[in-house]
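Chemist: Build me a model from this:
(chains A and B)
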2 protein chains.
Amino acid sequence: MRADGLAGGHGGADRLGELIPVALRGMAAGVAERGGPVPAGGPAAVAAALVAEGGDLGQVTGDTDAETGAGAAAPGEQHFASAPDPTAAAALRGTVPAAALAGAQSPTPAAAGTGALPRRGIGAEAALEQLSRLLAAGSADPADPACAAHLHCPPLAVSVAADVVAGALNPSMDSWDQAPVASELEREFTAGIARLCYPEAGNPDAVVTTGGTESNLLGLLLARENGIVQPVCGANAHHSVARAAWLLGLPAPIVVPCEGDRLLPEALDEILTPGCVVVTTAGTTNTGTLDPLPEIARICRRHNARLHVDAAYGGMALCSDTLKTKLAGLDQADSVALDLHKFGWQPVAAGLFAAREAADLGALTVRAEYLNADDDTEAGLPDLLGRSIRTSRRPDAFRMAVTVHALGTDGLGALVERCCATAAEVARHVEEHPGLRLWGPPELSTVVLRPVVADERGGDELVARVRRALLEAGTAVIGRAALPTAPGGGNQLWLKLTLLHPHTTAADYLPLLDRIVATAGAELVAGRESPVAS
Amino acid sequence: MRADGLAGGHGGADRLGELIPVALRGMAAGVAERGGPVPAGGPAAVAAALVAEGGDLGQVTGDTDAETGAGAAAPGEQHFASAPDPTAAAALRGTVPAAALAGAQSPTPAAAGTGALPRRGIGAEAALEQLSRLLAAGSADPADPACAAHLHCPPLAVSVAADVVAGALNPSMDSWDQAPVASELEREFTAGIARLCYPEAGNPDAVVTTGGTESNLLGLLLARENGIVQPVCGANAHHSVARAAWLLGLPAPIVVPCEGDRLLPEALDEILTPGCVVVTTAGTTNTGTLDPLPEIARICRRHNARLHVDAAYGGMALCSDTLKTKLAGLDQADSVALDLHKFGWQPVAAGLFAAREAADLGALTVRAEYLNADDDTEAGLPDLLGRSIRTSRRPDAFRMAVTVHALGTDGLGALVERCCATAAEVARHVEEHPGLRLWGPPELSTVVLRPVVADERGGDELVARVRRALLEAGTAVIGRAALPTAPGGGNQLWLKLTLLHPHTTAADYLPLLDRIVATAGAELVAGRESPVAS
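Modeler: Numbers count the residues shown, from 1 in each chain, chains lettered A, B, ... in the order given. All right, here's what the predicted structure looks like:
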């Protein structure tokens, strides 16, 4: 196939029907080669593999038989040899076959690392198969239960499939004449999200964002445009709150103390003034803890302060009848951040920002003659430009809408419940484990733990090394959280498992708990032998 | 298949291999139903079709035979009847079969327009096929030559196919342990882009953005962080420059006059002071005109002002040996905005921001203990957080890199050349057309024209109505531009064709030129009969 074939138009579906199987073949081969949740060897090995692949890409001429998409060749048979590249092999720790990442017959250093983009192409099929394989072999795949560090979910196939159509047709959400039905679908979907957050409000609305970071920025921006310029947030707030204040030219947030990773309402009450916008968290990044929303909402009302809730993590618990009580008080907020690339199982980005009063979003109004001229708007063409601080935008609402239509909110709520139930059970196992200490019972799906040996010897440095050792071995991807549990109130480093895999059970994580303890022991020994951190 | 099947992991490729053909079948059916570049009937018809579809979605139980992906059913046969929904049919103008958009057997009003998301799902296959068909039938498809209004390109199939793998594996570009090889690939690709923009610079760098709007914001942000707070731009600058100043809490830009949609250097020279950051344009949205970069760069240097070039449209002409002379002087700028979702044929978003001095990007540095703790960074884990103002990010660099490896920069440059050559030829035809007036010869691929009848009778209102009439008839999507050509220097409304289709020839656009003239005549008659605008 011509490398410059189009995805849209009359032949588009056929072209994609030929090329996508090539990409999927490369992906399947890469997943098989990786074997575990993440490539072994750490950054050096991954970088070396890319250099090797660069040489390979420079050599291949693109003469694959991929046009049938029939998978006649065994995965990877054509472009990847089993002989490892020596550079990559040296960097790899030997835990997985070096060929998985290296994948090069004889790298040509001249073609890699020059910093220049390739002038000549190798064809669509070769580029797709090789780079898809490289990406899969070198990814941290959240569909593997042992990849459980971050709010980094394994996407649903239905969402990824829907995104193909969105990408092929390429609606650009900055004007109606670039996105006729896509804009209507987005409007319908965001109206549903607004209703989910604000079931009783008179006129709520929501817009699509690139994630919690942009949503939190919108929360502060709408406050600023209402003349409210002093952000206030808990010590548990996401770093994007302070960053948004910086971007918007606002004062740095006043930080309210927390207890148990939960904002202290009485502390808030003491400092609040009418010129404040409070950002509170429904599901912290560190522990999944929810701030006491009803009490905070009352305090904000009393002080005539604005309230934005960062529910990027916890918000989709609204889809579960049993869990949504945790979010009582959310509908008292002026605005809410919600991420469907966390609970919601969308690929990033799938951010949403809901406002209790649609009129508040008027702050985003902007006119551009070529996109939303007054006379076009008066003639009935919907104005999309005021729906975002971006101009061109992907129709991310499409795959979110397809997902919700496929599973229903009940179906999504059930997946949220399953993750939370699994986390509760894993937490019980941590509590009973002689080698581990549990930070506290999970409110959502985050399990925070610490090897007890670190309390005796090794301390935070040992905790950090356990995480890096598992990562570099390719065994597991687990997270870290600094929490004020040290004697005297100082921070202490914890490990965390953020469980977003909707199909696992606690049993899938039990070997990982043992592995953490064993690795802590091994690192302690290694640390005594050599005082230098890995 | 289970609606909640995952795209990643060991079975992911197989699941996608089953579901994507369902989505593509829906898409192909929708494209065929639409027939033209855009659905007929305007916003009312499209909204009505969605309401009808909402009823349909509420009814379907999801028992398709889509699991084989074999296309046993004719496109759309299962869920779309040929009998049009009366609501949608009434809204449609009868230009295309109402069934194309309506697609409903018997809409259930209770299930649509309630503002609530559906609680129960209809299954992955049914949701995918129906909504993909709806999206395709209701899209403005830039793969149709008559969809030529905006900087809205038809994406390459290779890029859309690559995006499947990115979506399935879901690398999140905010930490290395969520995106091991994806971050390395991005680093390599952005280094290549930086080198493309700055072939002679000592240490240039580039980052991925959501598009020109974010890139222009970064241009002003980096200036602000260097203590430079007064933006200056031409009257031809994109609206995102003023919007970025507003977001960042900077003064509104000082606007420098233009002539022929080109910034006047002497006017710039008069107002410039060392505290200024100048935003100049290499390819305006209205006409594709390029500012005189070498002269502007000299003036900025003389005044010790910063310079950011918005090359969102024109930047990829750097890939063409014959066209890149137009961008001489670009490498004198402190920073450059580049969009590969324009020339580059990526689905939105594919924005890039290049800085001549990598150190300037240090302004984006941010620490978040859970993502880039100091000890992790010291231990060799790359810090990705400072590569963006977002936190979670899609690996958009992956599909860009696959595209560049497939076609090479020479291949992309050839496509840019073809678009520009076609535009030049279409412009000649406009010039020779008795019913049309050409604004001026295209510098890139934008042809700006006006029906001569509007100069005599009808004026700007007629021009605007021609565009809307073609849009509502489903015949063509053309753009508009207000340019200061009126007697006395006031603005006058023009029509524009932005030619980003890489496979068309001038002959594809000649019928459209006649159609514009005919529509202007018809609208003039209609306007005389009824003074109310459509």
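Chemist: residue nearest the centroid of chain A?
Modeler: When chain A is reduced to its mean C-alpha position, the closest residue under CA atoms, centre = their mean turns out to be A:His152, at 4.1 Å.
Chemist: Okay, and it sits in which element?
Modeler: Counting by DSSP states H and E, no helix or strand carries A:His152.
Chemist: list the buried ones in stretch A:445-458?
Modeler: A:Ser445, A:Thr446, A:Val447, A:Val448, A:Leu449, A:Arg450, A:Pro451, A:Val453, A:Ala454, A:Gly458 (16 or more other CB atoms under 10 Å in any protein chain shown). All C-beta atoms are positioned from the backbone trio N, CA, C, and that covers glycine.
Chemist: what do you get for stretch A:434-444?
Modeler: Taking 16+ other CB under 10 Å as the basis for neighbour counts, the residues of stretch A:434-444 that come out buried are A:Gly435, A:Leu436, A:Arg437, A:Leu438, A:Trp439, A:Pro442, A:Glu443, A:Leu444.
Chemist: just stretch A:415-435 next, same as before
Modeler: With burial defined by 16+ other CB under 10 Å, the residues of stretch A:415-435 counted as buried are A:415-427, A:429-430, A:433, A:435.
Chemist: hang on, the earlier thing: which one of the buried residues of stretch A:434-444 is nearest chain B?
Modeler: Relative to chain B, the closest of those is A:Trp439; by CB to the nearest CB it sits at 13.9 Å.
Chemist: which stretches of the stretch 301-450 of chain A have low pLDDT?
Modeler: By pLDDT under 70, the stretch 301-450 of chain A has no low-scoring segment.
Chemist: What residues does it have near chain B?
Modeler: Applying CB under 8 Å from any CB of the partner chain, one finds that the stretch 301-450 of chain A approaches chain B through A:339, A:341, A:345, A:347-349, A:366-371, A:373, A:375-376, A:378-382, A:389-395, A:398, A:401-411, A:415.
Chemist: Recalculate using a threshold of 6 Å.
Modeler: Counting by CB under 6 Å from any CB of the partner chain, the residues of the stretch 301-450 of chain A lying close to chain B are A:347-349, A:366, A:368-370, A:375, A:379-380, A:382, A:390-392, A:394, A:402, A:404-411.
Chemist: Produce a PyMOL select command limited to the buried residues of those residues.
Modeler: Typed into PyMOL, the next command selects the buried ones out of these (criterion: 16+ other CB under 10 Å):
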select buried, chain A and resi 347+348+349+366+368+369+370+375+379+382+390+391+392+394+402+404+405+406+407+408+409+411
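Chemist: So which of the residues of the stretch 301-450 of chain A next to chain B sit within helices?
Modeler: Per DSSP state H, helices hold the following members of these: A:Glu369, A:Tyr370, A:Asp375, A:Val402, A:Val404, A:His405, A:Ala406, A:Leu407, A:Gly408, A:Thr409, A:Asp410, A:Gly411.
Chemist: Switch those residues over to a markdown table; also include distance to A:Glu33.
Modeler: Listed next are these as a markdown table, based on distance: CB to CB, whole Å:
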| residue | distance to A:Glu33 |
| --- | --- |
| A:Glu369 | 53 |
| A:Tyr370 | 48 |
| A:Asp375 | 58 |
| A:Val402 | 31 |
| A:Val404 | 35 |
| A:His405 | 35 |
| A:Ala406 | 31 |
| A:Leu407 | 31 |
| A:Gly408 | 37 |
| A:Thr409 | 38 |
| A:Asp410 | 38 |
| A:Gly411 | 33 |
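Chemist: which one of these is nearest A:Arg195?
Modeler: A:Thr409 (10.6 Å; CB to CB).
Chemist: Tell me which residues touch the nearest residue to the closest one once chain neighbours are set aside, please.
Modeler: The shortest distance from A:Thr409 to any non-neighbouring residue, by CB to CB, 6 or more residues apart in numbering or on different chains, is to A:Cys319 (4.3 Å). Contact criterion CB atoms under 6 Å, 6 or more residues apart in numbering or on different chains gives A:Thr409, A:Leu412, A:Gly413 as the residues in contact with A:Cys319.
Chemist: quick check, nearest of these to A:Leu196?
Modeler: After measuring those against A:Leu196 - CB to CB - the closest member comes out as A:Thr409, at 7.3 Å.
Chemist: Let me see the ranges of the helices in the stretch 151-300 of chain A.
Modeler: Secondary structure of the stretch 151-300 of chain A by DSSP state H, counting those that start in this stretch: the helices cover A:157-169, A:180-197, A:212-225, A:239-247, A:265-271, A:293-303.
Chemist: Turn the ones you listed into JSON lines, including distance to B:Gly192.
Modeler: Supplementary listing: the helices of the stretch 151-300 of chain A in JSON lines, determined by distance: least, CB to CB, whole Å:
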{"stretch": "helix A:157-169", "distance to B:Gly192": "23"}
{"stretch": "helix A:180-197", "distance to B:Gly192": "32"}
{"stretch": "helix A:212-225", "distance to B:Gly192": "27"}
{"stretch": "helix A:239-247", "distance to B:Gly192": "28"}
{"stretch": "helix A:265-271", "distance to B:Gly192": "49"}
{"stretch": "helix A:293-303", "distance to B:Gly192": "47"}
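Chemist: Model confidence for the nearest residue to A:Ala179 once chain neighbours are set aside, exactly?
Modeler: Residue nearest to A:Ala179 in three dimensions, not counting chain neighbours: A:Pro171, with 3.6 Å by CB to CB, 6+ apart. As predicted, A:Pro171 sits at a pLDDT of 98.
Chemist: my guess is A:Ala423 meets A:Val448, correct?
Modeler: No. Counting by CB atoms under 6 Å, A:Ala423 stays clear of A:Val448, with 10.2 Å between them.
Chemist: Count the residues that sit near A:Gly315.
Modeler: For A:Gly315, the tally of surrounding residues (other CB atoms under 10 Å in any protein chain shown) stands at 30.
Chemist: Just list the residues touching it, thanks.
Modeler: Taking CB under 6 Å, 6+ apart, we find A:Gly315 in contact with A:Leu338.
Chemist: cool, the one 5 residues further on as well?
Modeler: Each residue near A:Ser320 by CB under 6 Å, 6+ apart is listed here: A:Gly413, A:Val416, A:Glu417.
Chemist: Backbone dihedrals for it, please?
Modeler: Main-chain torsions, A:Ser320, degrees, to the nearest 10: phi -110, psi 130.
Chemist: From chain B, how far off is A:Leu361?
Modeler: Plainly put, A:Leu361 is 15 Å away from chain B if you go by CB to the nearest CB, to the nearest Å.
Chemist: Then A:Glu184?
Modeler: The gap separating A:Glu184 from chain B is 5 Å, by CB to the nearest CB.
Chemist: Likewise for A:His308?
Modeler: From A:His308 over to chain B (counting by CB to the nearest CB), the distance is 17 Å.
Chemist: for chain A, what are the low-confidence residue spans?
Modeler: Residue ranges of chain A with pLDDT under 70: A:55-56, A:58-114, A:528-534.
Chemist: Where does the residue lying closest to A:Gly479 once chain neighbours are set aside fall, secondary structure wise?
Modeler: Once flanking residues are discounted, A:Gly479 sits nearest to A:Ala149: 3.7 Å by CB to CB, 6+ apart. No secondary structure element spans A:Ala149, as it lies outside all helices and strands (assigned by DSSP H and E).
Chemist: Hmm, A:Ala149 is touching A:Ala481, no?
Modeler: No. With contacts defined as CB under 6 Å, A:Ala149 does not count as touching A:Ala481, sitting 10.4 Å away.
Chemist: sorry, back to before: out of the contacts of A:Ser320, which comes closest to chain B?
Modeler: Closest approach between those and chain B, by CB to the nearest CB: A:Gly413, at 8.9 Å.
Chemist: residues touching that closest one, list them.
Modeler: With contacts taken as CB under 6 Å, 6+ apart, A:Gly413 has the following neighbours: A:Cys319, A:Ser320.
Chemist: where's it, which helix or strand?
Modeler: Assigned by DSSP H and E, A:Gly413 falls within helix A:396-432.
Chemist: could you give the angle of that helix to helix A:180-197?
Modeler: What separates the directions of helix A:396-432 and helix A:180-197 is an angle of 40 degrees, with axes from the mean of the first three to the mean of the last three CA atoms, to 10 degrees.
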